[in-house]
Each structure stands twice: as structure tokens, then as C-alpha cells.
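> okay, predicted coordinates and the sequence, questions at the end:
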Amino acid sequence: MYIASDIPAILRHTREVTFLESRQMAVVTAGGVQFSDLDGAPVNHTTVHIDWNPTAAEKGAYRHFMQKEIFEQGRSLTDTLRSRLDFTNHAVMLESLQLPPARARSLEKVTIVACGTSYYAGLVGKYYLERLARLPVEVDYASEFRYRSPIVRPDHLVVAISQSGETVDTLAALEEARDQGAVTAAIVNVVGSQAARVTDGHIYMQAGPEIGVASTKAFTASVTDLFLLALYLGQCRGLLDPETRATLIRDLTTLPGLAGELLDRAAHGTRYHDLAERFHTYHNFLYLGRGINYPVAREGALKLKEISYIHAEGYPAGEMKHGPIALVDASMPTVVIAPRDHVYDKMISQIEQVKARGGLVLAVANEDDEIIRTKADFVLPIPPINELLTPILAVMPLQIFAYEMAVRRGADVDQPRNLAKSVTVE
Ligand code: M6R
């Protein structure tokens, strides 16, 4: 028997795992194991089979886990979609969510609670749920939600997003939601983790073990799951006709292939290495996005700051004139997320404004966009895709950029200072 605080630590030895609940203990002896509460009263326990391949928790030929996790996103997205799409009926199947259509139809509101990268995924989810399921959505930092007096009712769905499923604030927010009678669900990566156990239903991310402290593939998997959730709720609520669903599902299925191509090209070129060479001495970066890519700006900035220790701010581009533009000069590069979407023209004008003030611009843009090449100083290309799915591709260049910057600065990429993979205490 092995005792560990995280599954990857023991994956080489066993895939049968028992989780302890709060205030429980396990006494392991040569003769076996006994589970009890802290007063010694025996408690029932179940064993969960972890469907992760032990090699998935190893670096293989990669230098860092984060690098490996970035470059396996084509595969992790395939796994995320597997068995969830019904191509005959153009429908999404989410059995583990335990939310039958009638219950889905009775919902009045969705609240998303999460921390860090998972919170930014939740911000993308708001766009999906409002657009496809026509439900009002609030996205809350779990650490704030738990200390307010949030209004939660039995006809509200509270969705926690968590890679680890063990983040203390997210679990506390879920408890608050449960106490107030809401329907609860978790979008979670670690099978059998607390978030999956304490909720009415869950969607597993299927990203495989994520070991690098900086979350990467869990972001793209959870955004994809939020898209599936929005599609599912939209379909249950009779809002999406079969033709619309067929188009959205077809676009979704192109995602892993396009991600794979993007990552492949990045792995075989020197673009990101050269950018890190050029930018690693800068002290401040501004990231701008608008609409569905505004959360990507925030996530890109978080990636840079947590592993490179460079100050970076993610901002909604439309807010520039309300303050941050005062910061722009040659010493603060601006990263602009500008795929060809319905706010594209506004992002172009944003680039022009930064350039007019002597700023440097790195733009995440469609690879066939000739206009942006004449406007920005550097382009980080992504393939064109349905506008709703752009966040999933647009974040990848930002992950690679942050990774290369951290490597160039000699930082400990997988274990950045002061950070832990799972924040299990306040
Ligand atoms: O396991 P969780 O998704 O609940 O973790 C939430 C955050 O602690 C996590 O995303 C953190 O912000 C990462 N270091 C971001 O890369």
C-alpha cells in the first residue's frame, strides 16, 4: 500500500485508490488498512480505479512537464470530446452530469466558482452559456464567493471548475451552494477528487495528469467542457435546432486537429525561442483581448507572471482608454489577441493606438491575416476556427511564449517559487 497526497506520485505502483474524506483516517499496517473517523469509529470506503497511464505522469523526452502538457493538447482535446458527441442526433451526451433535460429546463441561473486559471476558463464559459443556453451567468472567484452572502436558490446551477478538485476555496464555495439548495456540478480533472465526490454531477476534463504548476491543458480541456455543457443545456432547453447543433459539433471536432497543427508548427520553428530572446529582459507586459478572448488575455498574463516572474496585466481592450493606456510606451510590450471575429476591427484600432504611443505589439492572429502583419511587430499565428472556439487555440501561443520566456530567464518552470500545484489550505 502507498500513501500519497496526489495520484501521480503512486501511479507507477497502483491505479486503485481510496480517498479520505474530511476528519477520516487510515491506519496502514503490515496486515492491511483500517478506515475510521477521528474517534476511531469504522467508516465505509470505496476504491476508485484511476484510468491514467503511468507514462502520462512522466516527462518523457520533454525538458519540463509544462512543455509536455502544452504540446499534448491536441491529444487531450481528443480525449475530452471522446464519447460525448452523438453524431446521429447532433447532440451532446453528459451522463455523469446527472442533470436530466427536465431539470436543465427548470434552471434559472448558472454561477461558476473557481480560482486562478480555472476562473479564467469560467469567464469563457459565461459567453458560451449565455449564447447557447440563454441563461444568466455569474462567474465568481471561489475565494470571494465563500465570504459574501451570495444569492443561491434551488433553481440555480453552481458549477465549480477545478483541475485538482481539491482547491480549498472552491470546495468551500461548493459547500455554501449546497447548503443553499442549489444543483451543483464540477468540471474537474482528477478522478475521484473531492469536487467530483461532493457535487450532484460532474464532467471529467479527461486531460490526463497535469503536473506542472502552471495549468495549461486543464484550461483548454475545461473550456471545451464548458462548451459541451452550454451545448447540452441549450439542447435540453430547446434553443438549438439540429442544424445549428450539427454545425457546432462539426466545428468542435476540428479543434484537436487544428490544435495539433498549431503546436506542431510551434515545436518545429524558432519563433517562440526568438521572441523570448528578444523580450526576456522586459519588466512589464500588457495583455488585451475583447469579447470571448478577454479571459484569454487574463490567462496569458497569469502564465507569464507565475513562471517568468514578469509583471503582466490582462485587460479588456475596450477599457484601455479608461486608464491603462497611460502606461503604454516602448518599455511595456502589449500582447493583443485579435483573431478575425466580430470585434476584430476594434482590436486593429487598439493595435494602432498602442503603436501611435511608441508601444511594441505582439498579436495572436489568424495565420492567413495579412492586415495584422502590417500593423503588429510580431504575429503569433493560430488557424482560423469558429469564433466561439478561438479561446482554446488563442491561449496556446501565450502558453508557449510564457514557457520560453521562463526557460530563457532560467526560472524553475515546473515549480515556480511560492506556488503549489493545489491550494488545499487558505
Ligand atoms: O486545481 P484548480 O484548478 O482548482 O486550481 C486553481 C488554481 O490554483 C490554479 O489554476 C493556479 O492558478 C495555477 N497555478 C494557474 O496556472
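Thanks, I have it.

> only C-alpha atoms from now on, for both contacts and neighbour counts.
OK.

> partners of the closest residue to L97 other than its chain neighbours in the sheet?
Nearest residue to L97, sequence neighbours excluded (C-alpha to C-alpha, 6 or more residues apart in numbering): G201, at 4.1 Å. Beta bridges link G201 to A185 when assigned by DSSP bridges.

> what sits against G201?
Counting by C-alpha atoms under 8 Å, 6 or more residues apart in numbering, G201 makes contact with 96-99, 184-186.

> just the buried ones from those residues?
Among those, those scoring as buried are 97-99, 184-186 (criterion: 16 or more other C-alpha atoms under 10 Å).

> sec struct for the residue lying closest to D369 once chain neighbours are set aside, please.
Once flanking residues are discounted, D369 sits nearest to R340: 8.0 Å by C-alpha to C-alpha, 6+ apart. Here R340 is recorded as coil under DSSP: H, G, I helix; E, B strand; the rest coil.

> list the contacts for the closest residue to L11 other than its chain neighbours?
Nearest residue to L11, sequence neighbours excluded (C-alpha to C-alpha, 6+ apart): P54, at 5.3 Å. Neighbour list for P54: 8, 11-12 [criterion: C-alpha under 8 Å, 6+ apart].

> then L11?
By C-alpha under 8 Å, 6+ apart, the residues touching L11 are 52-54, 57.

> once you drop chain neighbours, what's closest to A330?
Leaving out its chain neighbours, the residue that sits closest to A330 by C-alpha to C-alpha, 6+ apart is G359, at 4.6 Å.

> that neighbour: how many residues sit nearby?
Using other C-alpha atoms under 10 Å, G359 has 19 neighbouring residues.

> give me the pLDDT for it.
Note for G359: predicted pLDDT of 96.

> same thing with A56?
81.

> give me the mean pLDDT for stretch 345-356.
96.

> check the stretch 251-400 of the chain for the residue nearest the ligand and tell me.
K303 (6.1 Å; C-alpha to the nearest ligand atom).

> swap that for the stretch 1-150 of the chain, please
As assessed by C-alpha to the nearest ligand atom, the ligand sits closest to G116 within the stretch 1-150 of the chain, at 3.3 Å.

> that residue: neighbour count?
G116 has 16 neighbours, counted by other C-alpha under 10 Å.

> check the one 5 residues further on too.
Close neighbours of A121, defined as other C-alpha under 10 Å, add up to 30.

> state the pLDDT value of it.
98.

> where does the stretch 251-400 of the chain dip in pLDDT?
By pLDDT under 70, the stretch 251-400 of the chain contains no weakly predicted segment.

> can you show me the strands along it?
Assigned by DSSP state E, counting those that start in this stretch, the strands in the stretch 251-400 of the chain fall at 284-289, 311-316, 334-337, 361-366, 378-382.

> most packed of those strands?
Most buried of these, by mean neighbour count (mean count of other C-alpha atoms under 10 Å): strand 334-337, with a mean of 28.

> for that one, C-alpha coordinates in CSV please.
Taking C-alpha atoms only, strand 334-337 is exported to CSV below (Å, rounded to 0.1, in the frame of the first residue of the first chain):
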residue,chain,number,x,y,z
THR,A,334,1.4,44.8,-25.5
VAL,A,335,0.1,41.3,-26.4
VAL,A,336,-3.1,41.6,-28.4
ILE,A,337,-5.5,38.7,-29.0
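
> residues in contact with it?
285-290, 293, 296-297, 347, 351, 354, 359-365, 394.

> can you report how many residues lie near L226?
Neighbours of L226 using other C-alpha under 10 Å come to 25.

> counting contacts, what elements does the host helix or strand of it pack onto?
Assigned by DSSP states H and E, L226 belongs to helix 217-236. Packing contacts for helix 217-236, counted by 3 or more C-alpha pairs under 8 Å, 6 or more residues apart in numbering; DSSP states H and E, involve helix 73-81, strand 91-92, helix 101-105, helix 116-128, strand 183-188, helix 390-408.

> hang on, the earlier thing: ok, the residue of the stretch 251-400 of the chain closest to the ligand touching A402?
Yes: using C-alpha atoms under 8 Å, K303 is in contact with A402, at 5.9 Å.

> apart from its neighbours in sequence, what residue is nearest K421?
Counting by C-alpha to C-alpha, 6+ apart, the residue nearest K421 is V213, at 4.7 Å.

> contact partners for the one you found?
Taking C-alpha under 8 Å, 6+ apart as the test, what V213 contacts is 66, 414-416, 419-421.

> what pLDDT does the model give it?
pLDDT, read off for V213, is 95.

> how much space separates it from A57?
Using C-alpha to C-alpha, to the nearest Å, V213 is found at 13 Å from A57.

> so how many other residues sit close to Y403?
Residues contacting Y403 under the criterion other C-alpha under 10 Å number 27.

> can you pull the contacts of it?
Y403 sits in contact with 66-67, 304, 307-308, 413, where contact means C-alpha under 8 Å, 6+ apart.

> let's see it at 7 Å
For Y403, no residue meets the contact criterion (C-alpha atoms under 7 Å, 6 or more residues apart in numbering).

> could you do M405 as well?
M405 neighbours (C-alpha under 7 Å, 6+ apart): 276, 280, 308.

> export those as a markdown table, with columns for neighbour count and distance to the ligand.
A markdown table is the format used below for the contacts of M405 (neighbours: other C-alpha atoms under 10 Å; distance: C-alpha to the nearest ligand atom, whole Å):
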| residue | neighbour count | distance to the ligand |
| --- | --- | --- |
| A276 | 21 | 19 |
| H280 | 17 | 20 |
| S308 | 24 | 12 |
